[in-house]
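Undergrad: Kindly return the folded structure for what I paste below:
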Amino acid sequence: MTTLRQLEYLVTVVDTGSFTRAAELLHVSQPALSHQVRALERDAGGPLLERLPRAVRLTPMGRAMLPHARAALADAERARTAARRAVGLDGGEIQVAAVYSITLGILLPVLRSWHERHPQVRVRLMEFPHTDALLAAMAAGRADLAVGPAPREWDGPVRELGEEEFVLAVPADDPAPDRVPLADLADRSWVHYAPGNGLAEVVDRACAAAGFRPRAAVRTEQTAAAPLLAATGLGTALVPESVVPSGFAGRVLHPEPPVRRMLAAYTRPHPDPLTTAFLDTLARCAQAGGGA
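TA: Predicted coordinates:
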């Protein structure tokens with residue numbers, strides 16, 4: 001019979017890439033760890049891991065089991081946390097997932113407000129570069145609440161937070177007017193995003209609507225780096241207004257037509273009171289800010 005401990009051992013071996021490191025992290029002997037993984041493999045009906053001389057690799061059966069193992073462990077942790085909350089043993093923990101730009105923008109005042117009201121509650125923040133990864137994490141049970149672009153389909157509660165406004169970051173001496181048609185920038189070089197960053201699609205769609213394809217001078221995986229790279233003259237960057245740092249060395253222009261996307265927070269079908277309270281804090285801060 002498969003146990004949570006066996007699933008934890010499997011996930012830890014995969015994450016560390018080594019039986020030795022996994023045993024050290026789990027504070028068990030390596031033979032005991034190996035015995036439990038072999039028991040899990042017998043129960044599964046085949047090998048889950050390929051033992052290589054210097055590494056460990058998942059078999060096809062192991063790749064199929066891994067996401068379910070992670071989901072089972074996350075569900076068990078949520079169950080323990082919910083039980084502790086119910087009897088008031090401690091403040092527990094809330095797991096929040098977000099795309100990169102959200103963390104840098106609207107989540108900062110939310111987390112500050114939440115900590116002031118609930119200092120005893122731990123917040124575990126998980127960040128993802130793309131909406132698809134965010135949805136996958138929620139579907140796998142890795143988080144209590146997600147914040148990002150509004151999902152097209154989701155079974156649980158979804159609360160719209162407002163529209164995220166995008167601006168153009170350029171060097172301080174850029175001659176363009178404060179409001180500029182995006183089509184007028186077709187011949188420029190661009191600070192673009194790496195394909196794994198969901199903002200790459202936002203830029204491509206906005207430029208396509210203006211009739212051109214942006215010519216990337218540099219691509220970055222880090223959302224916060226885009227306006228800084230643009231300020232140095234490497235190219236124009238389309239960025240969420242909320243990630244432009246205070247004291248920005250460049251200029252901020254507003255594209256015409258405006259570029260926006262709807263942001264939302266969504267939870268599992270039956271959120272617990274702590275998750276609901278965090279969602280309320282998030283919505284209140286978004287409203288106080290005049291939108292997300």
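Undergrad: Dihedrals phi and psi, residue 195?
TA: Residue 195 adopts backbone torsions of phi -50, psi -30, taken as degrees, to the nearest 10.
Undergrad: Please pull up the helix or strand immediately following the helix ranked longest in the chain.
TA: Under DSSP state H, the helix in the chain containing the largest number of residues is helix 60-87. Moving toward the C-terminus from helix 60-87, the next helix or strand (DSSP states H and E) is strand 93-99.
Undergrad: Quick check: mean pLDDT of that next one?
TA: Mean per-residue pLDDT for strand 93-99: 90.
Undergrad: Repeat that for stretch 108-127.
TA: Here the average pLDDT along stretch 108-127 is 88.
Undergrad: can you give me the angle the longest helix of the chain makes with strand 93-99?
TA: Counting by axes from the mean of the first three to the mean of the last three C-alpha atoms, to 10 degrees, helix 60-87 lies at 130 degrees to strand 93-99.
Undergrad: what distance separates helix 60-87 from the middle of the whole chain?
TA: Relative to its chain's centre, helix 60-87 lies at 19 Å (C-alpha atoms, centre = their mean, to the nearest Å).
Undergrad: helices or strands up against that helix?
TA: The elements that helix 60-87 packs onto, with contact taken as 3 or more C-beta pairs under 8 Å, 6 or more residues apart in numbering; DSSP states H and E, are helix 4-16, strand 93-99. Yep, even glycine has a C-beta here, placed from its N, CA and C like the rest.
Undergrad: Can I get the first one in CSV? Just the C-alpha atoms.
TA: What that stands for is helix 4-16. Extracted C-alpha coordinates of helix 4-16, given in CSV (Å, rounded to 0.1, in the frame of the first residue of the first chain):
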residue,chain,number,x,y,z
LEU,A,4,2.6,9.5,2.0
ARG,A,5,6.1,8.9,3.3
GLN,A,6,6.9,6.9,0.2
LEU,A,7,5.6,9.7,-2.0
GLU,A,8,7.7,12.2,-0.1
TYR,A,9,10.8,10.1,-0.5
LEU,A,10,10.2,9.8,-4.3
VAL,A,11,9.6,13.6,-4.7
THR,A,12,12.7,14.4,-2.6
VAL,A,13,14.9,12.0,-4.6
VAL,A,14,13.7,13.6,-7.8
ASP,A,15,14.2,17.2,-6.5
THR,A,16,17.7,16.6,-5.2
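Undergrad: Next secondary structure after it?
TA: helix 19-26.
Undergrad: That next one: which residues count as buried?
TA: 19, 22, 23, 26 (16 or more other C-beta atoms under 10 Å).
Undergrad: which residue sits closest to residue 74 in space, ignoring its chain neighbours?
TA: residue 141 (4.2 Å; C-beta to C-beta, 6 or more residues apart in numbering).
Undergrad: what do you get for residue 176?
TA: residue 253 (5.8 Å).
Undergrad: Is the one you found in contact with residue 171, as I believe?
TA: No: Residue 253 is beyond contact range of residue 171, at 11.0 Å (criterion: C-beta atoms under 8 Å).
Undergrad: Which one's more surrounded, these two?
TA: For residue 253 and residue 171, the more surrounded residue by other C-beta atoms under 10 Å is residue 253, and the numbers stand at 20 against 16.
Undergrad: how about the more buried one, secondary structure?
TA: strand (DSSP: H, G, I helix; E, B strand; the rest coil).
Undergrad: partner residues bridging it?
TA: On the basis of DSSP bridges, residue 253 is bridged to residue 168.
Undergrad: Now do the contacts for it.
TA: 167, 168, 169, 170, 174, 176, 177, 178, 179, 180 (C-beta atoms under 8 Å, 6 or more residues apart in numbering).
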